[in-house]
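Engineer: got a predicted model here, sequence first, then my questions.
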Amino acid sequence: MTSIEPEAIAQRPIAVPPPPTWPALSPQEKAALKARIRDLLTAQDAVLVAHYYTDGDLQELAEETGGLVADSLEMARFGTTSPARTLVVCGVRFMGETAKILNPEKRVLMPDLAATCSLDEGCPAAEFAAFCDAHPEWCVVVYANTSAEVKARADWVVTSSIALPVVRHLHERGEKILWAPDRHLGRYVQQETGADMLLWQGACVVHEAFKGYALEQLRRLHADAAVLVHPESPAEVIDQADVVGSTTQLIKAVSELPNETFIVATDQGIFWKMHQLAPHKRLIAAPTAGVGATCESCAHCPWMAMNALQNLEQVLVRGDQEVLVAPGIRERALVPIRRMLDFAEERGIGGRPATTT
């Protein structure tokens, strides 16, 4: 088979939707809407699972109703332990698919199934399979931000919180690693572990927008600030970080480090949890602005923004945004996902930040 080099895939443009606009709600309207959603969750034996990048109202409601606010690793774990018969996943499509793969007997709903991810979109299953076929001697490690079909082709699935220990483990075993899809995270993992890695050339449209030169200027204005960076960011941003880590690791840093000010290079949805745990800390969004930009930092995933209280209520009423995964795909994708979860449990990796500072 002809080798498909990852650089060829990188040229595909990703269609980024405009951020959705939701009608403004008065405090009374919002309270009434949340009350209706609570009743629907109870009536349907459903639990709400929200990612740190979703709107703060959704995160708050998840916590108030006994659900979960977490990173993708903890979201994957939660569904397997919750007794609820329905999981409502507020996040992006791969998170809903992972929940269904791990819990085929449960109904999994999302507010909007069109909420995808630029990393997922940039790694089409057929082209990725051809790439794997062209490099059969490599151990295939895929980031969680991929479709069920891509996961089904993998030996391992990893999240950002577990990527380093997994790759370090594989490197110590002498494995050569085919990594997909985020090239920035892959480069960071390769640099930290010394592993022999072949990188697919995908990128997150949110994190790739952070500007190294603008961050350097911002740091001069806030010399006492700690810089927190998600490893999906470009190298010139990662290289300026005091802490590089997953969403959970960055949240813990805000709570645990003595700094009063933090410059944060990840999706601004994370600020809700950071403010909740460390209300006295000052958080500054890392800059994404370039020439002609309309904001200093536009770091918010437009697909995450497709989750809102309004369509959360609608999906609970209609049940029409159900996540389905073909049985054959589910069975194959379950193997690398379960391998990741077993590895995390054996090594004591993961966990959520404390609920108070």
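Structural biologist: Yep, it's here.

Engineer: which residue is nearest the centroid of this structure?
Structural biologist: The centroid of the chain falls nearest to Ser72 when counting by CA atoms, centre = their mean (5.6 Å).

Engineer: I figured Gln190 hits Leu198, correct?
Structural biologist: No. Gln190 is beyond contact range of Leu198, at 9.7 Å (criterion: CB atoms under 8 Å). Glycine gets a C-beta too; all of them are placed from N, C-alpha and C.

Engineer: who touches both of these two?
Structural biologist: Trp179 (CB atoms under 8 Å, 6 or more residues apart in numbering).

Engineer: which residue packs closest to Asp112, ignoring adjacent ones?
Structural biologist: Met306 (4.3 Å; CB to CB, 6 or more residues apart in numbering).

Engineer: what values do phi and psi take at the one you found?
Structural biologist: phi -70, psi -10 (degrees, to the nearest 10).

Engineer: what does Lys106 give?
Structural biologist: phi -100, psi 150.

Engineer: which residues sit in contact with Ala163?
Structural biologist: Val141, Tyr143, Leu185, Val189, Pro231.

Engineer: scratch that, Pro111 is what I was asking about
Structural biologist: Applying CB under 8 Å, 6+ apart, the residues contacting Pro111 are Val88, Cys90, Met306, Asn307, Ala308, Asn311, Leu312, Gln314, Val315, Gln321.

Engineer: mind exporting the longest helix along the chain as CSV, just the C-alpha atoms?
Structural biologist: Assignment by DSSP state H gives helix 327-347 as the longest helix of the chain. The C-alpha trace of helix 327-347 is given here as CSV (Å, rounded to 0.1, in the frame of the first residue of the first chain):
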residue,chain,number,x,y,z
PRO,A,327,-21.4,-3.0,17.6
GLY,A,328,-18.3,-4.1,15.6
ILE,A,329,-16.7,-0.7,16.0
ARG,A,330,-17.7,-0.6,19.7
GLU,A,331,-16.1,-3.9,20.5
ARG,A,332,-12.8,-3.0,18.8
ALA,A,333,-12.7,0.5,20.3
LEU,A,334,-13.4,-0.8,23.7
VAL,A,335,-10.1,-2.7,23.8
PRO,A,336,-7.7,0.3,23.7
ILE,A,337,-10.0,2.4,25.9
ARG,A,338,-10.2,-0.3,28.6
ARG,A,339,-6.4,-0.7,28.3
MET,A,340,-6.1,3.0,29.2
LEU,A,341,-8.5,2.8,32.1
ASP,A,342,-6.9,-0.3,33.5
PHE,A,343,-3.4,1.3,33.2
ALA,A,344,-4.7,4.4,35.0
GLU,A,345,-6.2,2.3,37.8
GLU,A,346,-3.0,0.3,38.2
ARG,A,347,-0.8,3.4,38.4
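
Engineer: which residues of the stretch 251-357 of the chain score low on pLDDT?
Structural biologist: For the stretch 251-357 of the chain, applying pLDDT under 70 flags the ranges 290-295, 352, 354-357.

Engineer: could you pull out the helices for it?
Structural biologist: 271-277, 309-318, 327-347 (DSSP state H, counting those that start in this stretch).

Engineer: the stretch 51-200 of the chain: helices as residue ranges?
Structural biologist: Taking DSSP H, counting those that start in this stretch, the helices of the stretch 51-200 of the chain run over residues 56-64, 72-81, 93-102, 118-121, 125-133, 148-152, 163-172, 183-193.
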